[in-house]
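**Q** Could you work out the structure for the sequence below:
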Amino acid sequence: MPERPAYLRIADTIRDQIRSGTYPPGSRLPTMRDLGDRYGVSEIVVRQAFALLRGEGLIESRRGAGTTVRHTPPVRRIAMDRYRTFTAPVETPATTFTRDQRIGWQEYRLDREFTRAAATADLAALFELPVGTELLRRRFVFYARGDPQQISVNYLPWDLVAETPVSDPAREPWPGGTLAQLVYLGHPPTRVEEAVGARMPTPEEVETLGMAAGVPVFTITRRMIANDRVLEVCRDIVIPADRAVLDYAIDLDSRTTDLNTHPNGHRDPK
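**A** So this is what the prediction gives:
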């Protein structure tokens, strides 16, 4: 087999050194000239290796500061039963976001932008309403300890929230979040649906969330439903993929796990 190109071999070595802690987060890497001398290659080859590692989100370069190992942000774990916490009044202000981030109310900040919008074909399908139905559009940027962590854009039927505190941006952040707001309106959700995807971020998302190059985002489309009515559509919740782990747990019926069965469904005698 042909030998791997030099820039790939250099990138492999530096990547291993970053993961092993030889170059910890925030540490400065050798200059391209020093690395070129070390590996007997031109600075152009080292620049190619740096570009690859930068695209993987491992390093970052700043004018006057050289190239450093990127700080890995704290990872928050998002469990699928997270909404159950807020089906009853909470003793201290909190939301699913503050619980996920393990921060207090004073460490939480929310930028918000409220506008009215007509349902597009995609939104109308999610709401199961006619195209053009009037909606309240709310765009939020969530901060933990001063750092932007998440963007979400959610929609509520205007006839549900018009002339209520829920349509007033000055009332945000609302303890308990959207779930608590729907309970306040007299429509406690009975079902939450989430569909998770992944993609590369838009330039606006990269700037807003302070993301490194090469890092994808999770996108979560959510629906909150009360009986047969869709009360809220969030499209989308956007979270940098290096800042979250999605935890899933599935409770199985014990009757299906304590028996060995044949393909035809009969018990396998032993």
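
**Q** if I look at the closest residue to Asp147 other than its chain neighbours, how far off is Gly57?
**A** By the measure of C-beta to C-beta, 6 or more residues apart in numbering, the closest residue to Asp147 outside its immediate chain neighbours is Gly210, 7.2 Å from it. Glycine gets a C-beta too; all of them are placed from N, C-alpha and C. Using C-beta to C-beta, to the nearest Å, Gly210 is found at 12 Å from Gly57.

**Q** what do you get for Arg84?
**A** 33 Å.

**Q** So between these two, which is more surrounded?
**A** Comparing Arg84 with Gly57 by other C-beta atoms under 10 Å, the one with more neighbours is Gly57, at 18 against 11.

**Q** Remind me which helix or strand the residue nearest the centre of the chain belongs to.
**A** Nearest residue to the geometric centre of the chain (C-alpha atoms, centre = their mean): Ile239, 2.0 Å. Ile239 belongs to strand 229-240 when assigned by DSSP states H and E.

**Q** Output the contacting helices and strands for the helix or strand where Leu8 lies.
**A** In the assignment (DSSP H and E), Leu8 maps to helix 6-20. Packing partners of helix 6-20 (3 or more C-beta pairs under 8 Å, 6 or more residues apart in numbering; DSSP states H and E): helix 32-39, helix 43-55.

**Q** Adding distance to Arg191, mean pLDDT and mean neighbour count, write the ones you listed out as TSV.
**A** Formatted as TSV, those follow (distance: least, C-beta to C-beta, whole Å; pLDDT from 0 to 100; neighbours: other C-beta atoms under 10 Å):
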stretch	distance to Arg191	mean pLDDT	mean neighbour count
helix 32-39	55	93	15
helix 43-55	40	90	18
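
**Q** can you list these in a markdown table and add distance to Thr92?
**A** As requested, the helices and strands packed on helix 6-20 are exported to a markdown table (distance: least, C-beta to C-beta, whole Å):
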| stretch | distance to Thr92 |
| --- | --- |
| helix 32-39 | 51 |
| helix 43-55 | 42 |
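
**Q** among the ones you listed, which is nearest Val206?
**A** helix 43-55 (13.0 Å; C-beta to C-beta).

**Q** Perfect, that will be all.
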